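[1] for reference, the sequence and a predicted model appear below.
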Protein chains: 2
Amino acid sequence: MIKRFITTMSKKAATTTKTPDFLLKTPKGTKDWADKDMIIRESIFEKLTTNFKKHGGVTIDTPVFELREILTGKYGEDSKLIYNLEDQGGELTSLRYDLTVPFARFVASNNISNIKRYHIAKVYRRDQPAMTKGRMREFYQCDFDIAGTYDLMIPDSEILNILIQGLNDLKIENFKVKLNHRKILDGIFEACGVPEEDIRKVSSAIDKLDKSPWEVVKKEILEKGQSEEIADKIWTFVQHNGSIREVIEILKNSDLQNETAKQGLHEMEVLADYVEAFEIQNYLKFDLSLARGLDYYTGLIYEAVTEASAPPKNLKEKPKDLAADDDASAYVGVGSIAAGGRYDNLVGMFSNNKSIPCVGISFGVERLFSIIKQKTDLTKINSQHTDVYVMAFGNGFLKERMSISNKLWKNGINCEFLYKEKGNLRKQFEGAEKSGAKLAVILGKEEFPQGKLKIKMLGQDNNEEETIEIDDLVKIVESKLNL
Amino acid sequence: MIKRFITTMSKKAATTTKTPDFLLKTPKGTKDWADKDMIIRESIFEKLTTNFKKHGGVTIDTPVFELREILTGKYGEDSKLIYNLEDQGGELTSLRYDLTVPFARFVASNNISNIKRYHIAKVYRRDQPAMTKGRMREFYQCDFDIAGTYDLMIPDSEILNILIQGLNDLKIENFKVKLNHRKILDGIFEACGVPEEDIRKVSSAIDKLDKSPWEVVKKEILEKGQSEEIADKIWTFVQHNGSIREVIEILKNSDLQNETAKQGLHEMEVLADYVEAFEIQNYLKFDLSLARGLDYYTGLIYEAVTEASAPPKNLKEKPKDLAADDDASAYVGVGSIAAGGRYDNLVGMFSNNKSIPCVGISFGVERLFSIIKQKTDLTKINSQHTDVYVMAFGNGFLKERMSISNKLWKNGINCEFLYKEKGNLRKQFEGAEKSGAKLAVILGKEEFPQGKLKIKMLGQDNNEEETIEIDDLVKIVESKLNL
């Protein structure tokens, strides 16, 4: 519901002064959450939290804004999407863009040498919103990261295990986790003759291969100053995907022999063993075209996609003149439902004296929410938790209803009553129905003065009603509700 | 831990380029939350949420920033404390200052006629921080509000009940809830001859009577353009406090006879009945000097204070030249631990065609946290939830430890293992101790190849150790942990 209203304080003044009208809505790319959506979202948080705790995770909370310098230089081309706070005197600050950089700052500033932490919180990106596809400017991320110096690929494989277990717990179907390794990717670019300073921009072009055909991506690589020969050679590598062991085999038989790539290949071989120990190899696809946009990754990278999140084949081409504020839902897929990777140098950027290797995963809650909501029978969700409705027949009995309700509350029972001095019967039953209460406690005109109450199960096929002593109320209500 | 670091991307570059150093910290007035503090805070949220649900509350989530016009003109003198987002093109927005105005906007824009909602979220105020006293620039509020047209004082008394039950659930001791009524207060000012346009500023002077003696407040009233006679007459009223019925009696016997005050008095009489039905009258103190700063209140107002939150008598006088960014902990009390009131016109300001009366309470989580943490035995809190630590004796058995851990995880058991190929025994026991695990599952060099594991309860006075079949692992672990 969008309405116009007047921005003035007193109702009297509103009719006499002229103040500008404006739209009554949330800012572009943000939304209110309420009712059944909240129940679904909280159940996503709860399932992921249980999974995180199972693996020894502890939780932290960092401020929604950081000193601007903390975020500077961490996000590559996407830095332009950072929300700044106005300079109102004092420090320059910006809203967090993800939970990873604040985590690295937290690890460095608290001098932590190892931690497994999870963090569920909102992040902010001034991106073109695509509301119906779940691409928002304010959205939740659910992150689990492992910081600390450990043996090769052990935390990485556990993160993959957590990712897959998490999606299984949420009953997400037909998902795949695409994997690649920054060292292999960089080794490929090196072997193809891409100059070191161009590697990140060629990499970000390659990352578009999930949405665009090779011809389009090749054109972008040429535009980024690479020769036709380089581009074609890149294609001989990045077109490959398959199981980890299959792609390792392909690369071993190729002319990719530089040190960077060899290191990456060795790590992927170690990983192949561990994911088999965790029995998750069938969820994984080693995909040499996966690049991931963020600057800070240094090793294994991955993202989980489902058919529901992949860009549809018949997606409209995005008009060039689409304003940054316009909704782009018609022109984009929802992208990955979870993504992450290894970032060994980020903490070191905040700390001169030591670097703490990290690896992590971020679940995109809004995208998971869209998929899960579609499959949910909304009629079965009651967003209220009321169990008992206290009502009176034929007399107001307001203070008496209050006193009975109070007795139930004090015993931990969820209960409501109608906020009317003398509520009529229909209104009280309507209130009970709206509240979702299972049980009515009724103060009868004749019974109540004799210390008695009526109890009635609510619901269509149940007319059971009985008269009880007030002193037995709590006991009987608890047994009726199976508390 | 505050450290200096270099704001540059690559470690190599850091030694050669000159980039400005800056402090590695969170922005002024904000902090990181972690470890045991998180456990305490989450338990506060959980207790308050249970209480809110008991009264039929549903939860919502609104964006952390709102269109700037939504917040404009709602907070009186405090509007200067609102954080603005930078104008980066598009809409002008600001961080929310409380959860009440966003709630009113939510009710209006979704065309809701009645709702009981709770909302636990962060709000933002560019105030002088007083970190050790719990006055932050980013802090949590825990709000419960009832919107809808109901009979006089019924939702108000239920809100007071929720407030008191909430503080009792949190085991806050020796608190009092101060009450007053905006109509009585306005009636007093009217009776004393304060011009209508000066009422809010005189009111905000009166609100300081909990921190300053009458002489100081009187001086402020005179400075705000009122005569000595007016000021002295105000004092004959606002010095009174006591039970609701006592103060009603005093006012009825005074010369306060205007319509505004009479209306307020009638409402307080109705309230007196209801709080007795809820048996909460002994927690309440009708205090005619309570005024509350915010513009939007229209009826009953209240705040809960404890001895721990009241300003100490020997508080230092705040230096005039204390910068807005300086920590003012030495000069302020922590103020109220919860506060609220009735605001019948706020939703109407966002909606031309109808006004929805509201009443609510806001718990100040950071202040409650400070009080509760002081009373908590921190040695009894384990912020990790690990139950089992899987280790190997005399052999790496890494993939086997992974496989055993995976079996436990898949059965919902919280478990960890050391991220080393060949962890030595001491390191593994250290890991187990740090994780807080109650049980060690041990892969022995000789037992494991025969399909057997050792199980050992961890803890000082327990050396129990037994050998079991791998197939019985989950069953036995569950029984040892009483799952």
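    Thanks, I have the structure now.
[2] going forward, measure contacts and count neighbours with C-alpha atoms only.
    Will do.
[3] near chain B, which residues of the stretch 251-400 of chain A?
    A:273-274, A:277-278, A:325, A:349-352, A:383-386, A:399-400 (Cα under 8 Å from any Cα of the partner chain).
[4] show the buried residues in those residues.
    Buried residues within these, defined by neighbour count using 16 or more other Cα atoms under 10 Å in any protein chain shown: A:273-274, A:277-278, A:325, A:349-351, A:383-386, A:399-400.
[5] quick one on the thing from earlier: in helices only, show me the residues of the stretch 251-400 of chain A next to chain B.
    Counting by DSSP state H, the part of those found in helices is A:Asp273, A:Tyr274, A:Ala277, A:Lys399, A:Glu400.
[6] tabulate these (a markdown table), appending pLDDT.
    A markdown table is the format used below for those (pLDDT from 0 to 100):
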| residue | pLDDT |
| --- | --- |
| A:Asp273 | 98 |
| A:Tyr274 | 98 |
| A:Ala277 | 98 |
| A:Lys399 | 97 |
| A:Glu400 | 97 |
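[7] give me the element A:Leu222 is part of.
    Assigned by DSSP states H and E, A:Leu222 falls within helix A:214-223.
[8] and that helix, what does it pack against?
    Applying 3 or more Cα pairs under 8 Å, 6 or more residues apart in numbering or on different chains; DSSP states H and E, we find helix A:214-223 packed against helix A:199-206, helix A:228-238.
[9] quickly compare those and say which is most buried.
    Ranked by mean neighbour count, those are led by helix A:199-206 with a mean of 20 (mean count of other Cα atoms under 10 Å in any protein chain shown).
[10] distance between it and the chain's centre?
    Chain-centre distance of helix A:199-206: 27 Å, with Cα atoms, centre = their mean, to the nearest Å.
[11] could you do stretch A:231-249 as well?
    In terms of Cα atoms, centre = their mean, the gap separating the centre of stretch A:231-249 from the centre of its chain is 31 Å.
[12] one more: stretch A:160-180?
    The answer for stretch A:160-180 is 14 Å, by Cα atoms, centre = their mean.
[13] show me what counts as buried in that stretch.
    So stretch A:160-180, judged by 16+ other Cα under 10 Å, has buried residues A:160-167, A:170, A:172, A:175-180.
[14] can I get that stretch in PDB? Just the C-alpha atoms.
    Output in PDB follows, covering the C-alpha atoms of stretch A:160-180 (Å, rounded to 0.1, in the frame of the first residue of the first chain):
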ATOM      1  CA  LEU A 160      32.000 -27.200   2.000                       C
ATOM      2  CA  ASN A 161      30.500 -29.800   4.300                       C
ATOM      3  CA  ILE A 162      28.700 -27.100   6.300                       C
ATOM      4  CA  LEU A 163      27.500 -25.500   3.000                       C
ATOM      5  CA  ILE A 164      26.000 -28.700   1.700                       C
ATOM      6  CA  GLN A 165      24.600 -29.800   5.100                       C
ATOM      7  CA  GLY A 166      23.000 -26.300   5.500                       C
ATOM      8  CA  LEU A 167      21.300 -26.500   2.100                       C
ATOM      9  CA  ASN A 168      20.100 -30.100   2.800                       C
ATOM     10  CA  ASP A 169      18.700 -29.000   6.200                       C
ATOM     11  CA  LEU A 170      16.800 -26.300   4.300                       C
ATOM     12  CA  LYS A 171      15.500 -29.000   1.900                       C
ATOM     13  CA  ILE A 172      16.900 -27.100  -1.100                       C
ATOM     14  CA  GLU A 173      16.700 -29.500  -4.000                       C
ATOM     15  CA  ASN A 174      18.900 -30.100  -7.100                       C
ATOM     16  CA  PHE A 175      21.700 -27.700  -6.100                       C
ATOM     17  CA  LYS A 176      25.300 -28.000  -7.300                       C
ATOM     18  CA  VAL A 177      28.400 -26.400  -5.700                       C
ATOM     19  CA  LYS A 178      30.700 -25.000  -8.400                       C
ATOM     20  CA  LEU A 179      34.400 -25.000  -7.300                       C
ATOM     21  CA  ASN A 180      37.500 -23.400  -8.700                       C
END
